[in-house]
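S.K.: Next come a sequence and a model predicted from it.
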Protein chains: 4
Amino acid sequence: MYSFLCDYSEGAHPRILDALTRTNLEQSDGYGLDVHCRNAASLIKNKIAREDADVHFLVGGTQTNFIAISAFLRAHEAVITAKTGHINVHETGAVEATGHKVLTGSSPDGKLTPKEIQAALDYHEDEHMVKPRLVYISNSTEIGSIYQKTELVQLSEFCKNNKLILYMDGARLGSALASEENDLSLSDIATLVDAFYIGGTKNGALMGEALVICKDELKEDFRYHIKQKGGLLAKGWLLGIQFEELFRDNLYVELASHANQMAALLSKSLRDLGFSFLVHSPSNQIFPILPNVLIRKLEEDYSFYPWGKIDEDRSAIRLVTSWATEESAVRQFIETLTQYHHSF
Amino acid sequence: MYSFLCDYSEGAHPRILDALTRTNLEQSDGYGLDVHCRNAASLIKNKIAREDADVHFLVGGTQTNFIAISAFLRAHEAVITAKTGHINVHETGAVEATGHKVLTGSSPDGKLTPKEIQAALDYHEDEHMVKPRLVYISNSTEIGSIYQKTELVQLSEFCKNNKLILYMDGARLGSALASEENDLSLSDIATLVDAFYIGGTKNGALMGEALVICKDELKEDFRYHIKQKGGLLAKGWLLGIQFEELFRDNLYVELASHANQMAALLSKSLRDLGFSFLVHSPSNQIFPILPNVLIRKLEEDYSFYPWGKIDEDRSAIRLVTSWATEESAVRQFIETLTQYHHSF
Amino acid sequence: MYSFLCDYSEGAHPRILDALTRTNLEQSDGYGLDVHCRNAASLIKNKIAREDADVHFLVGGTQTNFIAISAFLRAHEAVITAKTGHINVHETGAVEATGHKVLTGSSPDGKLTPKEIQAALDYHEDEHMVKPRLVYISNSTEIGSIYQKTELVQLSEFCKNNKLILYMDGARLGSALASEENDLSLSDIATLVDAFYIGGTKNGALMGEALVICKDELKEDFRYHIKQKGGLLAKGWLLGIQFEELFRDNLYVELASHANQMAALLSKSLRDLGFSFLVHSPSNQIFPILPNVLIRKLEEDYSFYPWGKIDEDRSAIRLVTSWATEESAVRQFIETLTQYHHSF
Amino acid sequence: MYSFLCDYSEGAHPRILDALTRTNLEQSDGYGLDVHCRNAASLIKNKIAREDADVHFLVGGTQTNFIAISAFLRAHEAVITAKTGHINVHETGAVEATGHKVLTGSSPDGKLTPKEIQAALDYHEDEHMVKPRLVYISNSTEIGSIYQKTELVQLSEFCKNNKLILYMDGARLGSALASEENDLSLSDIATLVDAFYIGGTKNGALMGEALVICKDELKEDFRYHIKQKGGLLAKGWLLGIQFEELFRDNLYVELASHANQMAALLSKSLRDLGFSFLVHSPSNQIFPILPNVLIRKLEEDYSFYPWGKIDEDRSAIRLVTSWATEESAVRQFIETLTQYHHSF
């Protein structure tokens, strides 16, 4: 049984495990105040050409999202997200649990637009309603699409003009950056958004996300919020070491490139066999539409998520690849698929 | 300038003001532990034939909603409401501010259905998502519609079968009960829902809502929640005295009947003039669709809320009547309207 | 049975009730956006000589405290209060319920000092601890003491130097201002603190507190917080009308003066009889220490709170007077007391 | 520079790192639903002889504390802890951030007693105050003391009789269990408390705490709370693998024994040199009182926390040992100390 369930099914890239082993008995200061975290932060700040940014290392994505959002907002302020946004769907109301309403744009392709945000602003007119204040976007999105530079520039300008905070969830930022269709650099992103995080958990790390705060007003006392919300890892250097390794050279993008190539291989084969897709996704998640009988056969040998019913006979499924996905497994999957397909 | 903006534009019904004046210098125990509150609670419990119910008097509707909801729910549990529900739109995220996500059904007529709730249950499948737990309905609804007994029975059974708490916002319960189309009694409601409140603010009181908790599991320590959330009025007897007056005889329904009759008078005249309505509303709020030019003329002499654009030339407005609405003002409005209408 | 339990045992001063009756059928805009609230705010701003202040009318003291505190603070920031502070003892954790830790100074006389605040600042040294940010004081305090001008000036300077917000709970501000020992004017207070409220509930109003925000940074979007936390009274003018009446002339201080005089009458008689007091309280609350046998006799005819055991034979009790306390009742109490005292 | 700052200055015990390396490329289900977590939970349940317990693996102690406490309590309920309790001092108000007041007993030895809890119960008498509901204790405590069986039995009975939840913070549970003075077994603890956690971070793991919920009423939907509060590690098996290793045999207690022995070595030497201690601490934290001149010399070669001023010339410091503390470093420290001591 091979799994295409998600991009966090394996441990860490060997280089990361090596680094952890090599440094295991070093004595370090706790809570991220160590040399590895400082060094990893430096590497990231160099990469984005923003020496003034603050970089914090956190353990997971949900944690990073609600800590950042609750630290950035006052009690009456709300978040706007695409309906498919992770904070709206799969974080058990973590943002609401810190007191903030989550407003949604319909965003059929998973990407939020200035027009949708404008509609939310227009609707919320006075103190009887929440005040939209933070725009949450994911790149790549929860359904595999990615933001183009022109789109992000437009969002950025719109947010600046409307005094909105622009925050990017980068749980799969590697996959977006490594996409063949991507025209955004990390430093573009750091210029265009107010805060974002670089996901490690889904791109080669054991765990860990690097939150980058670009806007000065959002930086103050942030470590208090991390601690209060349970995000300050005692052995914080474990995160620093992993991001040192990911950003020491080009490893972060290389790992994502592999994931994307594996997904592209799957996509091409599926397309060649005549299957269509729920959404265009040039990243490491694809959503092919397959006959239910075929899905049931594939489930005998492979794990993946059902995504939604299309009609009586067909459903969309989600296939996710990662830095650890073996090309041989992908080719085996394609072969199996092709055989089953032809047998019907 | 006469106002049809809302049903809380005037003070209190004279009988209520008299009672407050009469008792003004009595020394009473504070925080609702006085004889008037006990007596008012008794009157209400008699009316609903539920001696076992708990009755709490609170100052306002938003306050009652979020205190009840946050007291009833655990942190991961969510509320389901019609999209138009007051808690979803006009309470500045008060429910989210206590930590709970608000899920919405589209409910074009303002009323939630078992089917919509079932969809929410189906969608929220595991611990990565909030757990729908409380069903919030308003009667009459925010757009003037009312629940029929069969509808409420179905909701009640559905909620029982699915271990959901059924809560009714009765800010305008008087108007629903007094509606010509109503077939629900207060005691039906007390049997069918787990908790509800009887709105005083919008039906003759200076302020005040009577929260009735019918289900035993929801009663424990409720006064702690009232106090913690700022709802325990020091001179609690002020609320008790008002509800004594409203429920000593049939005053509560009589006041609402007057409001409904004034709305019906407006509706009939508008219909006679050929105007249509946004929604069927047999209560004290109506939503006629009028030409924009006519609306602008009416605004010279009357206050009312614009509700929404229908097309280039027409908009819906909201007209609200109350216990205090003067029939002469209504007739004057109709006359003005008729004149303007004919002059175009 | 005559009650000295508290200063909110009766309704409103007759002038207030008259004003409410007189204006009862006026149509007003809701939520405090009416002419009475504007007028009352003007009267208060004139009195404090601060045209730039924001004035908001809320229903009760607990509500005012936690709405203001939660609106003013970020999530990691804490409040410092005297141990006896109302927010620490008698608000069911309302401040903590909005997420903020409440730190305490021992303050044996109910008054917080710069030294106690400095100790809290020294102790809370880094992001593993909350960050003290708001200083909460009550005037008069919960045990009847009042702040002298030099004390408030020192607190004010200390807070400014340490970037702390100074907030005064004025539930019994009238009683402090009307005290014979008081040397603070309302306008002194408005200059020295960042925000404070003028209590109506305990000084002649049916209900109502006027929150005055003096510091610009604390003003933004405050009405959103009032609404979200359930404090935006639909018929907001009810509060405006009451404060118009209290501040139209000198009524506010006159009512408090009466209360203080009644307390002084009790104090003098108790002192004359040889009794001592738990604390020096030149306001409308006194805490005499009496033999338990005497207390039990008094309880036959009077209500008051037991305050604490002093030794095997004696306890402190709390006696509270108000604008409504009848001098004849006070004299009767003294007579009873004297008789009982002499009979032992 | 050798560090005695804390017991989380190094990575993981080699066996744990080996296990992580060995399993690195296994494909596992996410979020703790994998075979390693199941296996580790089984090992723990066997050890405590409670097959019915629920075991959840979380990343850190602060996180475990506030997730458990907020899941177990209703909004008006409060926690009682020793003044030195970690939740009261060093978690940035995490418990208050979830809405709950933290009440403190003075507990000079770091241990809470039934008497202190009773005082809190007596003081909190009605709905104007929070309702004490959960008793938080740490074993070993924040100042190195440990609970004896008779003490825990008394606390347990007291809590049962008063319907209080008894929760044990076991960040340093290993050190307590391995103490020479300990007479409690893990299974005693599981019988006597309602929930507790077994700390991994401070006893050989990279990170990780195993929360054990013994009381049925506290189990329901707990994973929702973990997820909502950011504690559901994507690669949850990383925690499972570590606890498998710690509980596969006796490794957990062995590691703690080593830490305790190193502390005992330090204690004995300090006592032999004539120094006294702030508190009796038979675990891996000791608090010797040293001359300031000596402390300043030691700081040239060793890291440790200053703990508090004793008099003009002396202060207490904290020395912490761990599974990773090298005996040679301890002996070198003692030698340095002895030399300095004799040179004065």
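M.R.: Structure received.
S.K.: C-alpha from now on. contacts and neighbour counts both.
M.R.: Will do.
S.K.: mind listing the helices for the stretch 151-300 of chain A?
M.R.: Remark: helices assigned in the stretch 151-300 of chain A by DSSP state H, counting those that start in this stretch are A:173-177, A:186-192, A:222-228, A:237-248, A:251-272, A:292-298.
S.K.: Is the fifth one positioned near chain D?
M.R.: No - Helix A:251-272 does not reach chain D (C-alpha under 8 Å from any C-alpha of the partner chain); its nearest approach is 14.9 Å.
S.K.: Show me which residues of that helix are buried.
M.R.: Within helix A:251-272, the residues that qualify as buried are A:251-267, A:269-270, counting by 16 or more other C-alpha atoms under 10 Å in any protein chain shown.
S.K.: Shouldn't A:W307 be within a helix?
M.R.: No - under DSSP: H, G, I helix; E, B strand; the rest coil, A:W307 falls outside any helix and is assigned strand.
S.K.: List the residues that contact the spatially closest residue to it that is not a sequence neighbour.
M.R.: Residue nearest to A:W307 in three dimensions, not counting chain neighbours: A:I317, with 4.7 Å by C-alpha to C-alpha, 6 or more residues apart in numbering or on different chains. By C-alpha atoms under 8 Å, 6 or more residues apart in numbering or on different chains, A:I317 lies in contact with A:287-290, A:304-308.
S.K.: Repeat that for A:K163.
M.R.: Counting by C-alpha under 8 Å, 6+ apart, A:K163 makes contact with A:R133.
S.K.: for A:T191, same thing?
M.R.: With contact set as C-alpha under 8 Å, 6+ apart, A:T191 has these partners: A:C214.
S.K.: Around chain B, which positions in the stretch 101-250 of chain A sit nearby?
M.R.: Listed as neighbours of chain B in the stretch 101-250 of chain A under the rule C-alpha under 8 Å from any C-alpha: A:101, A:127-131.
S.K.: Which parts of chain A belong to which domain?
M.R.: Following automatic domain parsing, chain A resolves into domains at A:2-6+A:253-343, A:14-251.
S.K.: For the last one, what is the distance to the chain centroid?
M.R.: In other words, domain A:14-251. Chain-centre distance of domain A:14-251: 8 Å, with C-alpha atoms, centre = their mean, to the nearest Å.
S.K.: Run a quick neighbour tally on the residue in the stretch 151-300 of chain A that chain C sits nearest to.
M.R.: Closest to chain C within the stretch 151-300 of chain A is A:Y224: 4.5 Å, counting by C-alpha to the nearest C-alpha. A:Y224 has 24 neighbours, counted by other C-alpha atoms under 10 Å in any protein chain shown.
S.K.: Tell me how many other residues surround the nearest residue to it once chain neighbours are set aside.
M.R.: Nearest non-adjacent residue to A:Y224, counting by C-alpha to C-alpha, 6+ apart: C:E127, 4.5 Å away. Neighbourhood size, C:E127 [other C-alpha under 10 Å]: 20.
S.K.: one step back: would you format the contacts of A:I317 as a markdown table with neighbour count included?
M.R.: Output for the contacts of A:I317, formatted as a markdown table (neighbours: other C-alpha atoms under 10 Å in any protein chain shown):
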| residue | neighbour count |
| --- | --- |
| A:F287 | 24 |
| A:P288 | 21 |
| A:I289 | 22 |
| A:L290 | 21 |
| A:F304 | 17 |
| A:Y305 | 16 |
| A:P306 | 14 |
| A:W307 | 15 |
| A:G308 | 14 |
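S.K.: Please produce JSON lines containing the residues you listed, extended by pLDDT.
M.R.: Putting those into JSON lines (pLDDT from 0 to 100) gives the following:
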{"residue": "A:F287", "pLDDT": "98"}
{"residue": "A:P288", "pLDDT": "98"}
{"residue": "A:I289", "pLDDT": "98"}
{"residue": "A:L290", "pLDDT": "97"}
{"residue": "A:F304", "pLDDT": "98"}
{"residue": "A:Y305", "pLDDT": "96"}
{"residue": "A:P306", "pLDDT": "95"}
{"residue": "A:W307", "pLDDT": "95"}
{"residue": "A:G308", "pLDDT": "92"}
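S.K.: any idea how far the residue in the stretch 101-250 of chain A that chain B sits nearest to lies from C:R74?
M.R.: Nearest residue of the stretch 101-250 of chain A to chain B: A:M129, at 4.0 Å (C-alpha to the nearest C-alpha). Plainly put, A:M129 is 21 Å away from C:R74 if you go by C-alpha to C-alpha, to the nearest Å.
S.K.: go on, A:H342?
M.R.: As judged by C-alpha to C-alpha, A:H342 and C:R74 stand 62 Å apart.
S.K.: quick one, which of the two is more surrounded?
M.R.: More crowded of A:H342 and C:R74, by other C-alpha under 10 Å: C:R74, with 21 against 8.
S.K.: Isn't the more buried one up against A:R74?
M.R.: Yes - C:R74 is within contact range of A:R74, at 7.2 Å (criterion: C-alpha atoms under 8 Å).
S.K.: can you map out the strands along the stretch 101-250 of chain A?
M.R.: Using DSSP state E, counting those that start in this stretch, the strands of the stretch 101-250 of chain A run over A:102-105, A:131-138, A:165-169, A:195-199, A:209-213.
S.K.: partners of the shortest one in the sheet?
M.R.: On the basis of DSSP bridges, the sheet neighbours of strand A:102-105 come out as strand A:77-82 (parallel).
S.K.: With adjacent residues omitted, what lies nearest to A:L155?
M.R.: A:P114 (5.8 Å).
S.K.: ok, now which ones touch the one you found?
M.R.: Shown in contact with A:P114 (C-alpha under 8 Å, 6+ apart): A:154-155, A:158.
S.K.: quick one: pLDDT of it?
M.R.: Looking at A:P114, its pLDDT is 98.
S.K.: burial count for A:E335?
M.R.: Residues near A:E335, counting by other C-alpha under 10 Å, number 13.
S.K.: isn't there a strand covering the residue nearest to A:W307?
M.R.: Yes - secondary structure of A:I317 (three-state DSSP): part of a strand.
S.K.: Across the sheet, point out what pairs with it.
M.R.: Beta-bridge pairing for A:I317 (DSSP bridges): A:P306.
S.K.: measure it to chain B for me?
M.R.: Using C-alpha to the nearest C-alpha, to the nearest Å, A:I317 is found at 16 Å from chain B.
S.K.: Next: A:V79.
M.R.: Taking C-alpha to the nearest C-alpha as the measure, A:V79 falls 11 Å from chain B.
S.K.: dump the residue contacts of that residue.
M.R.: A:100-103, A:132-136.
S.K.: I'd like those as CSV, with pLDDT appended.
M.R.: Compiled in CSV, these are given as follows (pLDDT from 0 to 100):
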residue, pLDDT
A:H100, 98
A:K101, 98
A:V102, 98
A:L103, 98
A:P132, 98
A:R133, 98
A:L134, 98
A:V135, 98
A:Y136, 98
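S.K.: now the residues you listed in a markdown table, with neighbour count and distance to C:A195?
M.R.: A markdown table is the format used below for those (neighbours: other C-alpha atoms under 10 Å in any protein chain shown; distance: C-alpha to C-alpha, whole Å):
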| residue | neighbour count | distance to C:A195 |
| --- | --- | --- |
| A:H100 | 33 | 25 |
| A:K101 | 31 | 28 |
| A:V102 | 27 | 31 |
| A:L103 | 17 | 32 |
| A:P132 | 28 | 27 |
| A:R133 | 21 | 26 |
| A:L134 | 22 | 28 |
| A:V135 | 26 | 32 |
| A:Y136 | 24 | 34 |
